[in-house]
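*Asks:* What shape does this take:
(one chain, ligands or ions: 1)
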Amino acid sequence: MPVDTEELVTRLRSARALVVLTGAGVSAASGIPTFRGDDGLWRQYRAEDLATPEAFARDPRLVWEWYDWRRTTIAACRPNAAHEVLARWSERPGFTLVTQNVDGLHERAGTRNVIRFHGSIWELRCAADCGAPPWEDRTAPLTNLPPACPLCGGIARPGVVWFGENIDPDILERSSAAAARADVFLSVGTSSLVFPAAALLHHAKRNGAFTVEINPGATDISRMVDLPIAAPAEDALGMLDARIKMG
Ligand code: OAD
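*Replies:* The predicted structure is shown next:
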């Protein structure tokens, strides 16, 4: 990791508001395929072909087969060193984690104050919005596809945000407010291609945050952050955690 992290370590130690935005790359070392990596395809489909209201309206069973495959994959995975470091950092006052991941691994690692920007793959809701409150279902694989709404008997959908859908206004507001307050903003394991999540870093930078990217690959934000760290999250966060502790 040939980068000078001295300034970052100093800033992390003194930060009053630290915001971390995570994407699929933080779960890669747990064995969960990223969306846009080489192993990101399911059958011949890309996420953009399946994670839309149109795809669900056309073929709910196909979309559910993909989610059921992902749920079953995730159920067999455990949080990795990246999740564990972030869980420890979440004990600090002023820490906020915004995750685009729907896998629940941050929560399983014990992270406090997680904002689930794109929802949860373990939550289901009525596709027709009949008034049933969203419910948790951790069965993997599911017994019936598509699963049914317990209130109206119609089709249930995953409790995630699809392309073309809006982020819950309260979640957007809390995330934007945290980004605006951040002294340090870390973008970890995301391709920074999906908005509005990717806008949070720009918002933080405009408001004076020291911005950092942790990603072994280059992205659109690599050149504009104050410090790009071209390394896997599980290594880079472990290294930063050790250096912070060294005093
Ligand atoms: P992507 O699959 O687009 O990007 C994953 C990023 O992780 C890539 O830039 C990789 O270089 C990087 N990466 C791979 N291994 C890594 C590691 N060990 N450590 C750190 N980084 C690593 O996933 P996201 O950016 O999360 O949305 O995708 C954003 C959204 O698009 C997802 O939330 C999902 C997807 O379609 C919805 O479903 C609405």
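
*Asks:* Tell me which stretches of this structure form helices.
*Replies:* With helices called from DSSP state H, the chain shows them at 6-14, 47-50, 53-58, 60-75, 81-89, 105-108, 169-181, 199-206, 233-246.

*Asks:* Kindly provide the distance from Ala156 to Glu165.
*Replies:* 16 Å (Cβ to Cβ, to the nearest Å). The C-beta positions use only the backbone N, C-alpha and C, and glycine is treated the same way.

*Asks:* Confidence-wise, which of the helices of the chain is weakest overall?
*Replies:* The minimum mean pLDDT among the helices of the chain belongs to helix 47-50 (a mean of 91).

*Asks:* Mind naming the longest strand for the chain?
*Replies:* The longest strand of the chain (DSSP state E) is strand 119-126.

*Asks:* and that one, what does it pack onto?
*Replies:* Judged by 3 or more Cβ pairs under 8 Å, 6 or more residues apart in numbering; DSSP states H and E, the packing partners of strand 119-126 are helix 60-75, strand 135-136, strand 156-160.

*Asks:* Now do the end-to-end distance for stretch 23-33.
*Replies:* For stretch 23-33, the first and last residues are 11 Å from each other (Cα to Cα, to the nearest Å).

*Asks:* ok, now stretch 100-118?
*Replies:* Start-to-end span of stretch 100-118 (Cα to Cα) is 5 Å.

*Asks:* Identify all contacting residues around it.
*Replies:* Stretch 100-118 has contacts (Cβ atoms under 8 Å, 6 or more residues apart in numbering) with 21-24, 26-27, 30, 32, 74, 77-80, 83-84, 86-87, 90-91, 95-99, 119-122, 158, 160-161, 167, 171, 174-175, 178, 190, 194, 197.

*Asks:* so which of those are also by the ligand?
*Replies:* Restricting the contacts of stretch 100-118 to those touching the ligand (Cβ under 6 Å from any ligand atom) yields 23-24, 160-161, 190, 194.

*Asks:* ok, which pair from the residues you listed is furthest apart?
*Replies:* Taking Cβ to Cβ as the measure, those reach their widest spread between Val160 and Thr190, a distance of 16.0 Å.

*Asks:* Compare these two (neighbour count), which wins?
*Replies:* Thr190 (28 against 19; other Cβ atoms under 10 Å).

*Asks:* Look up phi and psi at the more buried one.
*Replies:* In terms of degrees, to the nearest 10, the main-chain angles of Thr190 are phi -130, psi 150.

*Asks:* Tell me if I'm right that it and Asp220 touch.
*Replies:* No: with contacts counted by Cβ atoms under 8 Å, Thr190 stays clear of Asp220, the gap being 10.7 Å.

*Asks:* Mind listing the shared neighbours of the two?
*Replies:* Ala198.

*Asks:* can I get the CA coordinates of stretch 4-14 in CSV?
*Replies:* Output of stretch 4-14 as CSV, limited to C-alpha atoms (Å, rounded to 0.1, in the frame of the first residue of the first chain):
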residue,chain,number,x,y,z
ASP,A,4,1.0,8.1,2.9
THR,A,5,-1.7,7.6,5.4
GLU,A,6,-0.2,9.7,8.1
GLU,A,7,-2.5,12.7,7.6
LEU,A,8,-5.5,10.4,7.4
VAL,A,9,-4.6,8.6,10.6
THR,A,10,-4.2,12.0,12.4
ARG,A,11,-7.5,13.1,11.1
LEU,A,12,-9.3,9.8,12.0
ARG,A,13,-8.0,10.1,15.6
SER,A,14,-9.4,13.6,16.0
